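In: quick one: sequence and predicted model below, then my questions.
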Amino acid sequence: LAQVGSCLKQQQTMGASGSKGPQVVATAATKGKDLKTVCPATMKAKVECFKRNGEDRCAPFTEAHNQCLRNEGFEIKQK
């Protein structure tokens, strides 16, 4: 679980600094929600896929997690 939180924190900060992934932005709808704790099932699946296959081969898992975040009110900004 610590790895999931670490990955989420990295995703939040890396989005703006040149990683392949999107930038996750909090909105008014996400007030009181913690990016580290929303969508745990999709985050776990995404992290496991990354570990086993590398980021480039996990697009379906990444998109499923991003959609979950959108459903929770977070904005996903593609680069």
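Out: Arrived safely, thanks for sending. Residues are numbered from 1 along each chain as shown.

In: please count neighbours and contacts with C-alpha atoms only from this point.
Out: Noted.

In: pLDDT of whichever helix or strand residue 51 is part of, averaged?
Out: If you go by DSSP states H and E, residue 51 is part of helix 40-53. Average pLDDT, helix 40-53: 97.

In: can you spell out which helices and strands pack onto that helix?
Out: helix 2-14, helix 59-71 (3 or more C-alpha pairs under 8 Å, 6 or more residues apart in numbering; DSSP states H and E).

In: what's it in contact with?
Out: Here helix 40-53 makes contact (C-alpha atoms under 8 Å, 6 or more residues apart in numbering) with 4, 7, 55, 57-58, 61-62, 64-65, 68.

In: now the protein, which segments are flagged as low pLDDT?
Out: 1-20, 79 (pLDDT under 70).

In: just how off-centre is stretch 33-48 within its chain?
Out: Centre-to-centre, stretch 33-48 and its host chain are 7 Å apart (C-alpha atoms, centre = their mean, to the nearest Å).

In: give the buried residues for it.
Out: Buried residues in stretch 33-48, counted by 16 or more other C-alpha atoms under 10 Å: 35-36, 39-40, 42-47.

In: what about that stretch, start to end distance?
Out: 24 Å (C-alpha to C-alpha, to the nearest Å).

In: picking that back up, now, the most widely separated pair of the contacts of helix 40-53?
Out: 57 and 68 (19.3 Å; C-alpha to C-alpha).
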